[in-house]
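> Need a 3D model of the sequence below.
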Amino acid sequence: MNWAKDNKITFNEQKSKVIVVTRKKRRENTYVSIYLNNKPLEQVNNIKYLGIIIDSKLNFREHIIHTSSKCSTLIHTLAKSAKLSWGLKHAALNNIYQGAILPLMLYGAPVWRGAMEKKCNKTIYSRVQRLMNIKIAKAYQTTSNEALCILIRTTPTEIKAEDTANLYRIIRDRQNHQLDHEVQLKDWTHPADSVTISEQNKANEHTIQIFTDGSKNEHGVGSGTAIYI
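As a prediction, this is how the structure comes out:
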């Protein structure tokens, strides 16, 4: 506290919390007594710092659950204006997803990216994306998220989280890498202009085999030909 007094900074003990971060699985007493302004601080299992919920095991499951719940509420509110035959159209819903909901889901991805390796966390984010994809594609409720991503040309959330984390690492380390960027469908190169087809002239010698399928008719036993090049 001497440092705070010297720099004319005051700390509010009611807004300060204590969290012990450890991944040890054995049961032990992790309670610590820390005082601020001669008052004991409350010890918690998770704490929100700069918009990211950090838990004592660094699993970030609480952050994923909190973010998915917040996004689901926004999607259900948005659904009132996006019906099957009226309301917001495909392009408007896609812009809302790309500009509002997806950044909210990917916030702090370089920190909690490792949590997406667990199937339970991946499923939570996949459900949220599927809710929005159904509204964008105006598809049936039974449509899988993989099929919806193909229909509306979106990337699964776990892959987007990995790309965001990799981009942050490249920028932080100042690595000289070629970065991939999404290209609109109208700007794609035509396959005829990008694929080179070459032909090779070989000897016109082929192996011909005659086989029969065993069927019979009035003229005899049927047969077929197969040419192997």
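
> Can you show me the helices along this structure?
2-6, 61-78, 90-96, 102-106, 109-112, 119-137, 145-151, 157-173, 191-194 (DSSP state H).

> Looking at the ones you listed, which is nearest to residue 36?
Proximity to residue 36 (C-beta to C-beta) singles out helix 2-6 among those, at 9.8 Å. C-beta: built from backbone N, CA, C; applies to glycine.

> coming back round to it: in CSV: the helices of the chain, plus mean neighbour count.
What follows is the helices of the chain, written out as CSV (neighbours: other C-beta atoms under 10 Å):
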stretch, mean neighbour count
helix 2-6, 8
helix 61-78, 17
helix 90-96, 16
helix 102-106, 17
helix 109-112, 19
helix 119-137, 19
helix 145-151, 15
helix 157-173, 15
helix 191-194, 7
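
> wait, what's in contact with the spatially most central residue of the chain?
With distances taken as C-alpha atoms, centre = their mean, the residue of the chain nearest its centroid is residue 157 (1.6 Å). Residues in contact with residue 157 (C-beta atoms under 8 Å, 6 or more residues apart in numbering) are 102, 105, 106, 125, 126, 128, 129.

> quick one: low-confidence ranges for this protein?
Along the chain, the parts satisfying pLDDT under 70 run over 1, 26-28, 82-87, 175-181, 194-217, 219-229.

> where's the nearest residue to residue 55 once chain neighbours are set aside relative to residue 22, distance?
Using C-beta to C-beta, 6 or more residues apart in numbering and skipping residues adjacent in sequence, the residue nearest residue 55 is residue 46, 4.2 Å away. Distance of residue 46 to residue 22, computed by C-beta to C-beta, to the nearest Å: 13 Å.
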